[in-house]
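1. no letters, just coordinates:
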């Protein structure tokens with residue numbers, strides 16, 4: 001019987017200790033009742049002002065995923081000073097043409113040429129007209145083209 005009394009007292013002590021811990025836990029938790037609210041502003045807020053740009057340009061200097069090189073484009077500015085100059089510029093204008101290479105079938109003698117006219121790539125046959133440029137003939141090293149009756153020989157760019 002002595003053991004049962006001891007066990008009861010021990011169990012009662014453990015329950016009292018657990019109860020004290022739980023009560024202490026709830027007493028220490030903050031319910032927000034004792035908090036002080038400060039309604040004074042800490043500082044003044046002024047948003048930053050931004051300036052808006054009136055014009056912008058987009059630069060398309062990107063790598064061509066199929067050719068693996070950056071495209072180089074010639075940008076020429078034309079000034080409108082007089083009608084005579086515009087007429088002369090139209091007469092002397094010749095498009096920017098780059099010869100990229102020759103594509104041919106081993107079984108047939110047909111030649112297909114790859115060229116770039118004013119930064120646009122074209123694939124065309126001999127004798128065809130592409131972007132007002134007539135392709136007269138071509139080989140592995142150069143091509144002959146005609147634009148408004150003016151002939152020109154262009155070597156391969158590499």
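-> Structure received. Because the structure is a prediction, the values reported are computed rather than measured.

2. following the chain onward from the lowest-mean-pLDDT helix or strand in the chain, which element is next?
-> Taking mean pLDDT, DSSP states H and E as the measure, helix 83-92 is the helix or strand of the chain with the lowest mean score, a mean of 58. Sequence order places strand 97-104 as the next helix or strand after helix 83-92, per DSSP states H and E.

3. now the next helix or strand after that next one, how far from the centre of its chain.
-> Using DSSP H and E, the next helix or strand after strand 97-104 towards the C-terminus is strand 111-117. Its chain's average C-alpha position is 29 Å from that of strand 111-117, according to Cα atoms, centre = their mean, to the nearest Å.

4. could you do stretch 117-133 as well?
-> 29 Å.

5. now swap in stretch 108-120 and tell me
-> The chain centroid and the centroid of stretch 108-120 are separated by 29 Å under Cα atoms, centre = their mean.

6. other residues contacting it?
-> With contact meaning Cβ atoms under 8 Å, 6 or more residues apart in numbering, stretch 108-120 is reached by 71, 73-74, 95-104, 121-126, 130-131, 133, 135, 138, 143, 154. Where C-beta positions appear, they are placed from N, C-alpha and C, glycine not excepted.
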